[in-house]
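Asks: need a structure here:
(one chain, ligands or ions: 2)
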Amino acid sequence: MEKSGWLLTKNHLNDIVTITVVTKTEESYEFAVRGIEMNLNIACVSGDGIGPEVIAEAKRVLNKITEEYNHNIVYKDVLMGGASIDAYGEPLTDEVIGIAKAADAVLLGSIGGNTATSPWYKLAPELRPEAGLLRLRKALNLFANFRPAYLYEELPEACPIRKDVIGNGFDMVIVRELTGGLYFGERHTKEVNGVITAVDTLSYSEKEIHRVAVKAFEIAMKLVKKPNQFDVILTENMFGDILSDEASAITGSIGMLPSASLNETRFGLYEPSGGAAPDIAGKGIVNPIATILSAAMMLRYSFDLEEEAGKIESAVKQVLKEGYRTVDIMPQDKNQCKTVKQVGTETMGKLIAEYI
Ligand code: IPM
Ligand code: MN
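Replies: Ligands and ions are numbered 1, 2, ... in the order given. Model (predicted):
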(Lines give C-alpha, C1' and ligand atoms only; values in the text may rest on other atoms or scores of the structure.)
(Ligands and ions follow the chains in the order given, each with its own letter.)
Protein backbone atom coordinates (compact mmCIF):
# COMPACT_ATOMS: atom_id res chain seq x y z
CA MET A 1 0.00 0.00 0.00
CA GLU A 2 1.13 3.54 -0.66
CA LYS A 3 1.48 5.96 2.21
CA SER A 4 -2.23 6.64 2.19
CA GLY A 5 -4.97 4.59 0.54
CA TRP A 6 -6.80 1.38 1.19
CA LEU A 7 -6.26 -2.32 0.93
CA LEU A 8 -8.69 -5.21 0.66
CA THR A 9 -7.74 -8.61 2.06
CA LYS A 10 -9.87 -11.72 2.18
CA ASN A 11 -9.39 -14.48 4.71
CA HIS A 12 -10.32 -17.63 2.83
CA LEU A 13 -10.90 -19.61 5.98
CA ASN A 14 -13.77 -17.55 7.32
CA ASP A 15 -14.70 -15.42 4.28
CA ILE A 16 -14.10 -12.22 6.20
CA VAL A 17 -12.94 -9.32 4.05
CA THR A 18 -10.82 -6.74 5.81
CA ILE A 19 -10.51 -3.20 4.48
CA THR A 20 -7.50 -1.34 5.80
CA VAL A 21 -7.63 2.41 5.30
CA VAL A 22 -4.57 4.58 5.88
CA THR A 23 -5.16 8.34 5.97
CA LYS A 24 -2.75 11.04 4.76
CA THR A 25 -1.63 11.54 8.33
CA GLU A 26 -0.81 7.82 8.35
CA GLU A 27 -3.55 6.86 10.79
CA SER A 28 -4.78 3.39 9.98
CA TYR A 29 -8.32 1.98 10.32
CA GLU A 30 -9.51 -1.58 9.81
CA PHE A 31 -13.01 -2.66 8.89
CA ALA A 32 -14.05 -6.27 8.79
CA VAL A 33 -16.85 -7.07 6.37
CA ARG A 34 -18.46 -10.46 6.16
CA GLY A 35 -20.43 -11.55 3.13
CA ILE A 36 -23.95 -12.98 3.49
CA GLU A 37 -23.69 -16.72 4.07
CA MET A 38 -27.12 -17.82 2.94
CA ASN A 39 -30.38 -16.32 1.74
CA LEU A 40 -33.46 -17.80 3.36
CA ASN A 41 -36.76 -17.05 1.62
CA ILE A 42 -39.56 -17.99 3.93
CA ALA A 43 -43.29 -17.84 3.25
CA CYS A 44 -44.76 -17.15 6.66
CA VAL A 45 -48.31 -17.91 7.78
CA SER A 46 -49.11 -16.49 11.21
CA GLY A 47 -52.65 -17.77 10.85
CA ASP A 48 -55.34 -17.73 13.51
CA GLY A 49 -55.67 -18.04 17.27
CA ILE A 50 -52.31 -18.23 19.01
CA GLY A 51 -50.54 -18.34 15.60
CA PRO A 52 -49.40 -14.70 15.47
CA GLU A 53 -48.01 -14.88 19.03
CA VAL A 54 -45.91 -17.99 18.48
CA ILE A 55 -44.70 -16.86 15.04
CA ALA A 56 -43.51 -13.56 16.52
CA GLU A 57 -41.26 -15.49 18.92
CA ALA A 58 -40.00 -17.91 16.25
CA LYS A 59 -39.08 -14.91 14.10
CA ARG A 60 -37.32 -13.30 17.05
CA VAL A 61 -35.19 -16.42 17.52
CA LEU A 62 -34.55 -16.84 13.77
CA ASN A 63 -33.55 -13.20 13.46
CA LYS A 64 -31.05 -13.68 16.27
CA ILE A 65 -29.61 -16.74 14.49
CA THR A 66 -29.35 -14.95 11.15
CA GLU A 67 -27.59 -12.03 12.85
CA GLU A 68 -25.11 -14.34 14.59
CA TYR A 69 -24.39 -16.42 11.52
CA ASN A 70 -24.73 -13.68 8.94
CA HIS A 71 -27.58 -15.17 6.97
CA ASN A 72 -30.17 -13.07 5.22
CA ILE A 73 -33.77 -13.99 5.95
CA VAL A 74 -36.69 -12.61 3.96
CA TYR A 75 -40.23 -13.30 5.13
CA LYS A 76 -43.19 -13.15 2.82
CA ASP A 77 -46.21 -12.95 5.13
CA VAL A 78 -49.30 -14.62 3.69
CA LEU A 79 -52.84 -15.38 4.86
CA MET A 80 -54.33 -18.81 5.33
CA GLY A 81 -57.14 -20.45 7.28
CA GLY A 82 -59.65 -18.20 9.03
CA ALA A 83 -57.69 -15.03 8.31
CA SER A 84 -57.85 -15.86 4.59
CA ILE A 85 -61.59 -16.64 4.79
CA ASP A 86 -62.17 -13.20 6.31
CA ALA A 87 -60.08 -11.48 3.64
CA TYR A 88 -60.84 -13.54 0.50
CA GLY A 89 -63.76 -15.83 1.33
CA GLU A 90 -61.63 -18.97 1.05
CA PRO A 91 -59.09 -20.59 3.38
CA LEU A 92 -56.27 -20.70 0.81
CA THR A 93 -55.87 -18.77 -2.41
CA ASP A 94 -53.95 -19.90 -5.51
CA GLU A 95 -51.75 -16.85 -5.04
CA VAL A 96 -50.61 -18.10 -1.64
CA ILE A 97 -49.92 -21.56 -3.06
CA GLY A 98 -47.76 -19.84 -5.68
CA ILE A 99 -45.88 -17.81 -3.05
CA ALA A 100 -45.31 -20.93 -0.95
CA LYS A 101 -43.98 -22.83 -3.99
CA ALA A 102 -41.59 -20.00 -4.82
CA ALA A 103 -40.20 -19.89 -1.24
CA ASP A 104 -37.52 -22.19 0.21
CA ALA A 105 -39.75 -23.16 3.11
CA VAL A 106 -43.03 -22.29 4.82
CA LEU A 107 -43.22 -21.40 8.51
CA LEU A 108 -46.72 -21.69 9.93
CA GLY A 109 -48.27 -20.75 13.28
CA SER A 110 -51.70 -22.32 13.45
CA ILE A 111 -55.04 -22.13 11.75
CA GLY A 112 -58.61 -22.57 12.92
CA GLY A 113 -60.97 -21.20 15.54
CA ASN A 114 -63.61 -22.14 18.05
CA THR A 115 -65.72 -24.73 16.23
CA ALA A 116 -68.78 -23.99 18.40
CA THR A 117 -68.84 -20.22 18.07
CA SER A 118 -66.81 -19.13 15.04
CA PRO A 119 -68.75 -18.31 11.84
CA TRP A 120 -65.99 -20.11 9.91
CA TYR A 121 -67.61 -23.41 10.99
CA LYS A 122 -70.96 -22.49 9.49
CA LEU A 123 -69.30 -22.80 6.07
CA ALA A 124 -69.15 -25.96 3.98
CA PRO A 125 -66.32 -28.28 5.14
CA GLU A 126 -64.15 -27.48 2.11
CA LEU A 127 -64.31 -23.76 2.95
CA ARG A 128 -63.34 -24.06 6.62
CA PRO A 129 -59.90 -23.02 7.92
CA GLU A 130 -58.46 -26.56 8.19
CA ALA A 131 -59.29 -27.27 4.54
CA GLY A 132 -56.75 -24.59 3.62
CA LEU A 133 -53.99 -26.42 5.46
CA LEU A 134 -54.91 -29.77 3.91
CA ARG A 135 -54.99 -28.20 0.47
CA LEU A 136 -51.57 -26.62 0.97
CA ARG A 137 -50.04 -29.90 2.17
CA LYS A 138 -51.47 -31.62 -0.90
CA ALA A 139 -50.47 -28.85 -3.34
CA LEU A 140 -46.88 -28.96 -2.07
CA ASN A 141 -46.87 -32.77 -1.98
CA LEU A 142 -45.74 -32.78 1.66
CA PHE A 143 -46.26 -36.47 2.24
CA ALA A 144 -43.87 -37.00 5.16
CA ASN A 145 -44.61 -35.30 8.46
CA PHE A 146 -42.00 -35.67 11.23
CA ARG A 147 -43.12 -35.08 14.78
CA PRO A 148 -40.30 -35.63 17.24
CA ALA A 149 -41.45 -36.23 20.80
CA TYR A 150 -38.61 -35.84 23.22
CA LEU A 151 -38.76 -35.82 26.98
CA TYR A 152 -36.33 -33.19 28.14
CA GLU A 153 -34.08 -34.08 31.06
CA GLU A 154 -34.56 -30.44 31.93
CA LEU A 155 -38.31 -30.95 32.19
CA PRO A 156 -38.70 -34.20 34.13
CA GLU A 157 -41.69 -33.07 36.18
CA ALA A 158 -43.74 -32.61 32.98
CA CYS A 159 -44.08 -36.34 32.32
CA PRO A 160 -46.98 -37.98 34.18
CA ILE A 161 -45.49 -41.48 33.80
CA ARG A 162 -43.78 -42.95 36.90
CA LYS A 163 -40.00 -42.53 37.03
CA ASP A 164 -39.36 -46.27 37.25
CA VAL A 165 -41.34 -46.79 34.03
CA ILE A 166 -39.93 -43.90 32.04
CA GLY A 167 -36.29 -44.51 33.09
CA ASN A 168 -34.03 -41.95 31.51
CA GLY A 169 -36.76 -40.47 29.38
CA PHE A 170 -37.52 -41.12 25.76
CA ASP A 171 -36.75 -39.84 22.33
CA MET A 172 -39.03 -40.75 19.47
CA VAL A 173 -40.24 -39.44 16.17
CA ILE A 174 -43.63 -40.05 14.70
CA VAL A 175 -43.47 -40.15 10.91
CA ARG A 176 -46.99 -39.41 9.81
CA GLU A 177 -48.06 -39.88 6.20
CA LEU A 178 -49.67 -36.54 5.37
CA THR A 179 -51.26 -36.44 1.95
CA GLY A 180 -53.31 -39.63 1.83
CA GLY A 181 -55.38 -41.97 3.96
CA LEU A 182 -58.64 -41.08 5.66
CA TYR A 183 -58.07 -37.33 5.35
CA PHE A 184 -58.24 -37.49 1.59
CA GLY A 185 -60.22 -40.67 1.03
CA GLU A 186 -63.49 -40.80 -0.80
CA ARG A 187 -66.48 -40.42 1.53
CA HIS A 188 -70.23 -40.36 1.39
CA THR A 189 -73.35 -40.96 3.43
CA LYS A 190 -76.07 -43.23 2.19
CA GLU A 191 -79.16 -44.90 3.52
CA VAL A 192 -78.77 -48.62 4.15
CA ASN A 193 -81.97 -50.43 5.17
CA GLY A 194 -83.45 -47.15 6.32
CA VAL A 195 -80.38 -46.22 8.39
CA ILE A 196 -78.08 -43.32 7.47
CA THR A 197 -74.62 -44.81 7.06
CA ALA A 198 -71.29 -43.01 6.62
CA VAL A 199 -68.50 -44.42 4.49
CA ASP A 200 -64.89 -43.18 4.67
CA THR A 201 -62.12 -44.84 2.75
CA LEU A 202 -58.54 -45.36 3.76
CA SER A 203 -56.56 -46.15 0.68
CA TYR A 204 -52.83 -46.06 -0.02
CA SER A 205 -50.93 -46.94 -3.14
CA GLU A 206 -47.70 -48.91 -2.89
CA LYS A 207 -45.81 -45.84 -4.08
CA GLU A 208 -47.31 -43.64 -1.34
CA ILE A 209 -46.27 -46.11 1.35
CA HIS A 210 -42.82 -46.66 -0.12
CA ARG A 211 -41.85 -42.99 -0.32
CA VAL A 212 -42.84 -42.18 3.27
CA ALA A 213 -41.14 -45.35 4.54
CA VAL A 214 -37.91 -44.29 2.80
CA LYS A 215 -38.13 -40.94 4.63
CA ALA A 216 -38.71 -42.72 7.94
CA PHE A 217 -35.62 -44.90 7.46
CA GLU A 218 -33.52 -41.90 6.52
CA ILE A 219 -34.52 -40.01 9.65
CA ALA A 220 -33.86 -43.04 11.91
CA MET A 221 -30.21 -42.66 11.03
CA LYS A 222 -30.04 -38.95 11.14
CA LEU A 223 -32.09 -38.04 14.14
CA VAL A 224 -30.71 -40.40 16.70
CA LYS A 225 -29.79 -38.76 19.97
CA LYS A 226 -29.85 -41.69 22.36
CA PRO A 227 -29.71 -44.87 20.29
CA ASN A 228 -30.97 -47.15 23.04
CA GLN A 229 -34.19 -45.23 23.49
CA PHE A 230 -34.83 -43.94 20.04
CA ASP A 231 -37.93 -45.05 18.19
CA VAL A 232 -39.47 -44.22 14.86
CA ILE A 233 -43.17 -44.79 14.48
CA LEU A 234 -44.33 -44.81 10.88
CA THR A 235 -48.05 -44.30 10.59
CA GLU A 236 -51.07 -43.47 8.48
CA ASN A 237 -52.29 -39.88 8.34
CA MET A 238 -55.15 -39.83 10.83
CA PHE A 239 -53.58 -42.30 13.24
CA GLY A 240 -50.45 -40.14 13.18
CA ASP A 241 -52.51 -37.15 14.20
CA ILE A 242 -53.93 -39.08 17.16
CA LEU A 243 -50.57 -40.56 18.17
CA SER A 244 -48.80 -37.20 18.12
CA ASP A 245 -51.50 -35.71 20.35
CA GLU A 246 -50.98 -38.62 22.72
CA ALA A 247 -47.20 -38.27 22.63
CA SER A 248 -47.64 -34.69 23.78
CA ALA A 249 -49.26 -35.93 26.96
CA ILE A 250 -46.08 -37.72 27.97
CA THR A 251 -43.69 -34.94 26.96
CA GLY A 252 -45.62 -32.48 29.08
CA SER A 253 -47.51 -30.37 26.59
CA ILE A 254 -48.44 -30.14 22.93
CA GLY A 255 -46.75 -26.74 23.20
CA MET A 256 -43.40 -28.56 23.16
CA LEU A 257 -43.93 -30.56 19.94
CA PRO A 258 -42.56 -29.22 16.66
CA SER A 259 -43.18 -30.67 13.22
CA ALA A 260 -41.72 -30.74 9.73
CA SER A 261 -43.65 -31.71 6.60
CA LEU A 262 -41.46 -32.66 3.68
CA ASN A 263 -41.64 -33.74 0.08
CA GLU A 264 -38.93 -35.28 -2.09
CA THR A 265 -36.93 -32.04 -2.25
CA ARG A 266 -35.42 -29.86 0.49
CA PHE A 267 -38.61 -27.83 0.62
CA GLY A 268 -40.65 -28.13 3.80
CA LEU A 269 -43.48 -26.70 5.85
CA TYR A 270 -42.75 -26.23 9.52
CA GLU A 271 -45.42 -25.82 12.14
CA PRO A 272 -46.11 -26.67 15.77
CA SER A 273 -48.05 -29.93 16.20
CA GLY A 274 -50.78 -28.23 18.22
CA GLY A 275 -53.78 -26.23 17.11
CA ALA A 276 -54.94 -22.62 17.20
CA ALA A 277 -56.06 -22.78 20.88
CA PRO A 278 -58.60 -19.94 20.51
CA ASP A 279 -59.38 -20.13 24.26
CA ILE A 280 -55.95 -18.73 25.18
CA ALA A 281 -55.27 -16.64 22.06
CA GLY A 282 -54.20 -13.05 22.63
CA LYS A 283 -53.43 -13.60 26.32
CA GLY A 284 -49.66 -13.76 25.92
CA ILE A 285 -49.44 -17.10 27.72
CA VAL A 286 -49.08 -19.67 24.93
CA ASN A 287 -45.89 -21.75 24.83
CA PRO A 288 -43.84 -20.69 21.78
CA ILE A 289 -41.31 -23.56 22.10
CA ALA A 290 -42.99 -25.92 19.59
CA THR A 291 -42.85 -23.20 16.93
CA ILE A 292 -39.30 -22.20 17.82
CA LEU A 293 -38.24 -25.86 17.57
CA SER A 294 -40.09 -26.10 14.23
CA ALA A 295 -37.96 -23.18 13.03
CA ALA A 296 -34.88 -25.18 14.13
CA MET A 297 -36.11 -28.15 12.07
CA MET A 298 -36.52 -25.76 9.13
CA LEU A 299 -32.88 -24.71 9.38
CA ARG A 300 -31.81 -28.36 9.55
CA TYR A 301 -33.94 -29.91 6.81
CA SER A 302 -34.49 -27.12 4.29
CA PHE A 303 -31.19 -25.26 4.67
CA ASP A 304 -28.79 -27.88 6.01
CA LEU A 305 -27.81 -25.49 8.82
CA GLU A 306 -27.18 -28.14 11.46
CA GLU A 307 -25.09 -25.94 13.75
CA GLU A 308 -27.69 -23.16 13.78
CA ALA A 309 -30.51 -25.66 14.43
CA GLY A 310 -28.52 -27.15 17.31
CA LYS A 311 -27.95 -23.69 18.73
CA ILE A 312 -31.71 -23.12 18.98
CA GLU A 313 -32.29 -26.54 20.55
CA SER A 314 -29.56 -25.95 23.14
CA ALA A 315 -30.96 -22.52 23.96
CA VAL A 316 -34.38 -24.09 24.60
CA LYS A 317 -32.80 -26.67 26.91
CA GLN A 318 -30.84 -24.01 28.73
CA VAL A 319 -33.91 -21.88 29.36
CA LEU A 320 -35.77 -24.94 30.72
CA LYS A 321 -32.77 -25.83 32.87
CA GLU A 322 -32.79 -22.36 34.36
CA GLY A 323 -36.36 -23.08 35.45
CA TYR A 324 -38.37 -20.89 33.09
CA ARG A 325 -41.79 -22.33 32.26
CA THR A 326 -44.88 -21.21 30.37
CA VAL A 327 -48.13 -22.07 32.11
CA ASP A 328 -48.70 -25.34 30.19
CA ILE A 329 -45.44 -26.85 31.48
CA MET A 330 -45.69 -25.64 35.06
CA PRO A 331 -45.40 -28.52 37.54
CA GLN A 332 -48.68 -29.80 39.01
CA ASP A 333 -47.17 -30.04 42.46
CA LYS A 334 -47.34 -26.75 44.41
CA ASN A 335 -43.95 -27.36 46.10
CA GLN A 336 -42.22 -27.93 42.76
CA CYS A 337 -43.74 -24.67 41.49
CA LYS A 338 -41.53 -22.78 43.94
CA THR A 339 -38.41 -24.01 42.15
CA VAL A 340 -39.45 -22.67 38.71
CA LYS A 341 -40.44 -19.31 37.24
CA GLN A 342 -43.62 -18.88 35.21
CA VAL A 343 -43.21 -16.61 32.18
CA GLY A 344 -45.36 -15.51 29.25
CA THR A 345 -44.91 -16.09 25.52
CA GLU A 346 -42.78 -13.05 24.81
CA THR A 347 -40.44 -13.52 27.76
CA MET A 348 -39.94 -17.16 26.81
CA GLY A 349 -39.06 -16.12 23.24
CA LYS A 350 -36.71 -13.40 24.43
CA LEU A 351 -34.93 -15.74 26.84
CA ILE A 352 -34.36 -18.34 24.12
CA ALA A 353 -33.07 -15.64 21.76
CA GLU A 354 -30.74 -14.40 24.52
CA TYR A 355 -29.24 -17.84 25.09
CA ILE A 356 -28.27 -18.15 21.43
C1 IPM B 1 -52.40 -31.18 12.83
C2 IPM B 1 -53.79 -30.60 12.86
C3 IPM B 1 -54.39 -30.70 11.48
C4 IPM B 1 -54.42 -32.16 11.11
C5 IPM B 1 -55.76 -30.06 11.32
C6 IPM B 1 -55.74 -28.61 11.73
C7 IPM B 1 -56.27 -30.23 9.93
O8 IPM B 1 -54.55 -31.22 13.82
O9 IPM B 1 -51.56 -30.69 12.07
O10 IPM B 1 -52.15 -32.13 13.56
O11 IPM B 1 -55.29 -32.90 11.60
O12 IPM B 1 -53.55 -32.58 10.36
MN1 MN C 1 -53.47 -32.59 15.17
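
Asks: what residues are up against the residue of the chain found nearest ligand 1?
Replies: Residue nearest to ligand 1 within the chain: E130 (3.8 Å; CB to the nearest ligand atom). Quick note: C-beta positions are derived from backbone N, CA and C, even for glycine. Contact analysis of E130 by CB atoms under 8 Å, 6 or more residues apart in numbering lists G81, P91, I111, G112.

Asks: try 10 Å this time
Replies: E130 makes contact with G81, G82, P91, I111, G112, T115, W120, Y121, Y183, G275, A276, according to CB atoms under 10 Å, 6 or more residues apart in numbering.

Asks: over to L134?
Replies: L134 sits next to P91, L92, E126, R128, L178, T179, Y183, F184, N237 when contact means CB under 10 Å, 6+ apart.

Asks: what's the helix or strand for R176?
Replies: Element membership for R176 (DSSP states H and E) is strand 171-177.

Asks: circling back to that earlier point, save the contacts of E130 as TSV, and put in distance to T25 too.
Replies: Converted to TSV, the contacts of E130 look like this (distance: CB to CB, whole Å):
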residue	distance to T25
G81	63
G82	65
P91	67
I111	63
G112	67
T115	74
W120	70
Y121	75
Y183	73
G275	66
A276	64
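
Asks: now list the buried members of these.
Replies: Among those, the ones that count as buried by 16 or more other CB atoms under 10 Å are G81, G82, P91, I111, G112, W120, Y121, Y183, G275, A276.

Asks: outline the domain layout of this structure.
Replies: Here the domain parsing of the chain from automatic domain parsing is 1-35, 38-176+233-354.

Asks: any idea which of those domains is most buried?
Replies: The highest average neighbour count among the domains of the chain, using mean count of other CB atoms under 10 Å, belongs to domain 38-176+233-354 at a mean of 19.

Asks: distance from it to the middle of the chain?
Replies: 4 Å (CA atoms, centre = their mean, to the nearest Å).

Asks: average pLDDT for it?
Replies: Over the span of domain 38-176+233-354, the pLDDT mean works out to 93.

Asks: for P331, helix, strand, or coil?
Replies: Under DSSP: H, G, I helix; E, B strand; the rest coil, the three-state class of P331 is coil.
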